[in-house]
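Student: A structural model of the following input is requested.
(2 chains)
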Number of protein chains: 2
Amino acid sequence: MSTGPGWLRVVGLGPGDPRYLTAETLDVLAAATDLVGYGPYVARVPERAGLTRHASDNRVEVERAREALALAASGRAVAVVSGGDPGIFAMAAAVLEAIEAGPAAWRALDVAVLPGISAMQAASARLGAMLGHDFCAISLSDNLKPWATILSRLTAAAQADFVIAIYNPASRARPDRIHEAFALLRRLKAGATVTALARAVGRPDERILVTTLAAVDPGQVDMATLVLVGSSETRLIPRGGGLPDWVLTPRSYGAGR
Amino acid sequence: MSTGPGWLRVVGLGPGDPRYLTAETLDVLAAATDLVGYGPYVARVPERAGLTRHASDNRVEVERAREALALAASGRAVAVVSGGDPGIFAMAAAVLEAIEAGPAAWRALDVAVLPGISAMQAASARLGAMLGHDFCAISLSDNLKPWATILSRLTAAAQADFVIAIYNPASRARPDRIHEAFALLRRLKAGATVTALARAVGRPDERILVTTLAAVDPGQVDMATLVLVGSSETRLIPRGGGLPDWVLTPRSYGAGR
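Tutor: Residues are numbered from 1 along each chain as shown, chains lettered A, B, ... in the order given. Now for the predicted structure:
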């Protein structure tokens, strides 16, 4: 499928642990001549001879994508890196937006997106099976969509009793968004709803907190936190012996109603 | 964290391509003494000396989980395998349900769930960035939840304009469920909504069809198909030259409204 000398692959580095990388992603990272991404992600990939790093600031996704496409068009072998799965609130959409708005020749470039492990998957696995049933994933960032849309999606997700994964829950510019989101969810869901905050899963500074919707402290949520809010069926399995409880969203629904 | 001589890991084999496996999952498959799973998944793991396979029929998830836990309790090193991500409509929940209902000693076993690549991620990546924004994942199987719950979740997902990933869309026992689901979505969403059917992504028999909600043929959906229904913002980027269009759900929402 190569239509030119260069290529571009959009890859994800997972939530942190290099052991979450797929064989396909490792192959691309080994073959690339150029690495393009937000600084902290580029820094996660070991340096090696023949690899040029192009680290950029946050919030310049489309400029970063354009730089990567121009490199590929010039014959370079380019890996665009972000965290998690590049297709889930990461760089895949930005690269396609840049292709759509860019020179026609970019549409014929050898470009592919490679799936990766997203934060909600690593968090759910560490907890047990919190995403064990129907769920949704919502970004709380209102940089590119109206806050009213975000609130209406949270409302729909609560009313339909999905497990809810909340990405980008906080930022320095918008510290009170997660407060508003929890306040809304508390009006719509039981206070006892299992709620988890997961940060840096698989990294040495991993921190996972399991609490309830009534008790969760929005002050403990930062931009690197993934928030999981259970359905009405999500429950704990105590293990004893100092082991953390399992968190289970069972496959059955409504059996006890 | 090992609390006994045996262990159990719940792993996913991804949608088919072995290159989607993570390093962590490959390590477990190499170390296991026993492989437990639905026959077709067990068959995907190469045989080797020292590995005993326990293949079971479909629809016996909890019995299969109990067998695996009993093996681990007896000191074996057990990998429970399913497709995709074991935490997304696969074996993780069944294993925890078996622990919850089983002997107290099972709660102290060395058990862990490992995240994997789910079908919606591989399909979205192959298409470009179809999951590029808020989305939900719904299983159409009504073995364990009321059909009315499924319809209410599809309704909420359509009204909130999520991209919708539909798992387990059809079966021999319930061939008309996907017809009903599409009929409901057609009443709630525009006929031009981008809709994709993805089967066996990464396998030699991969088949991906991009169409619209008005035109999609439910007769082409089988149990191994992942259905993706776009949001109102999901659009195609024509590439020309015989290349398939990109499918993009952009990061921005409502800019043109």
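
Student: Burial check on the closest residue to A:Ile237 other than its chain neighbours, number of neighbours?
Tutor: Computed as CB to CB, 6 or more residues apart in numbering or on different chains, the closest residue to A:Ile237 that is not its neighbour in sequence is A:Trp246, at 4.0 Å. Bear in mind the C-beta positions are built from the backbone N, C-alpha and C, glycine included. By other CB atoms under 10 Å in any protein chain shown, the residues close to A:Trp246 number 23.

Student: and A:Trp246, what are its phi and psi?
Tutor: phi -80, psi 150 (degrees, to the nearest 10).

Student: Quick check: it vs A:Arg235, distance?
Tutor: 9 Å (CB to CB, to the nearest Å).

Student: The residue nearest to A:Ile237 contacts A:Leu236, doesn't it?
Tutor: Yes - between A:Trp246 and A:Leu236 there is a contact under CB atoms under 8 Å: 6.9 Å.

Student: Could you write out the alpha-carbon coordinates of stretch A:175-186 in CSV?
Tutor: The C-alpha trace of stretch A:175-186 is given here as CSV (Å, rounded to 0.1, in the frame of the first residue of the first chain):
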residue,chain,number,x,y,z
PRO,A,175,-10.4,23.3,37.5
ASP,A,176,-14.1,23.4,38.3
ARG,A,177,-15.4,21.3,35.4
ILE,A,178,-15.0,18.0,37.3
HIS,A,179,-16.8,19.6,40.3
GLU,A,180,-19.7,20.4,38.0
ALA,A,181,-19.6,16.9,36.4
PHE,A,182,-19.7,15.1,39.8
ALA,A,183,-22.5,17.4,41.0
LEU,A,184,-24.6,16.5,37.9
LEU,A,185,-23.9,12.8,38.3
ARG,A,186,-24.8,13.0,42.0
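
Student: quick one: that stretch to chain centroid distance?
Tutor: Averaging C-alpha positions (CA atoms, centre = their mean, to the nearest Å) puts stretch A:175-186 20 Å from its chain's average.

Student: Just to be sure, A:Val111 is in a helix?
Tutor: No - counting by DSSP: H, G, I helix; E, B strand; the rest coil, A:Val111 falls outside a helix, being strand.

Student: So the nearest residue in space to it that is not next to it in sequence, which state does it fall into?
Tutor: In this structure, A:Val111 finds its nearest non-sequential neighbour in A:Leu8, 4.7 Å apart by CB to CB, 6+ apart. Secondary structure, three-state DSSP: A:Leu8 is strand.

Student: can you tell me which residues contact A:Leu8?
Tutor: A:Ala68, A:Leu69, A:Leu71, A:Ala72, A:Val78, A:Ala79, A:Val80, A:Val95, A:Leu109, A:Asp110, A:Val111, A:Ala112 (CB atoms under 8 Å, 6 or more residues apart in numbering or on different chains).

Student: In the sheet, which residues pair with it? Tell me.
Tutor: Beta-bridge pairing of A:Leu8 under DSSP bridges involves A:Val78, A:Val111.

Student: Quick check: it vs B:Gly240, distance?
Tutor: In terms of CB to CB, A:Leu8 sits 18 Å off from B:Gly240.

Student: what's the answer for A:Thr33, then?
Tutor: When A:Thr33 is compared with B:Gly240 (using CB to CB), they lie 27 Å apart.

Student: Settle it for me: which of the two has more neighbours?
Tutor: Legend: neighbour count by other CB under 10 Å for A:Thr33 and B:Gly240, higher for A:Thr33 (16 against 9).

Student: Any idea how many residues pack against the residue nearest to that one when sequence neighbours are not counted?
Tutor: Residue nearest to A:Thr33 in three dimensions, not counting chain neighbours: A:Ala77, with 4.5 Å by CB to CB, 6+ apart. Number of residues near A:Ala77 (other CB under 10 Å) recorded here: 19.

Student: my guess is A:Ala77 contacts A:Val36, does it?
Tutor: No - here A:Ala77 does not reach A:Val36: they are 11.4 Å apart, not a contact under CB under 8 Å.

Student: burial count for A:Pro244?
Tutor: 14.

Student: now swap in A:Thr52 and tell me
Tutor: 12.

Student: mind listing what it touches?
Tutor: A:Thr33, A:Asp34, A:Leu35.

Student: Turn those into JSON lines, columns for distance to B:Pro250.
Tutor: Formatted as JSON lines, these follow (distance: CB to CB, whole Å):
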{"residue": "A:Thr33", "distance to B:Pro250": "29"}
{"residue": "A:Asp34", "distance to B:Pro250": "25"}
{"residue": "A:Leu35", "distance to B:Pro250": "25"}
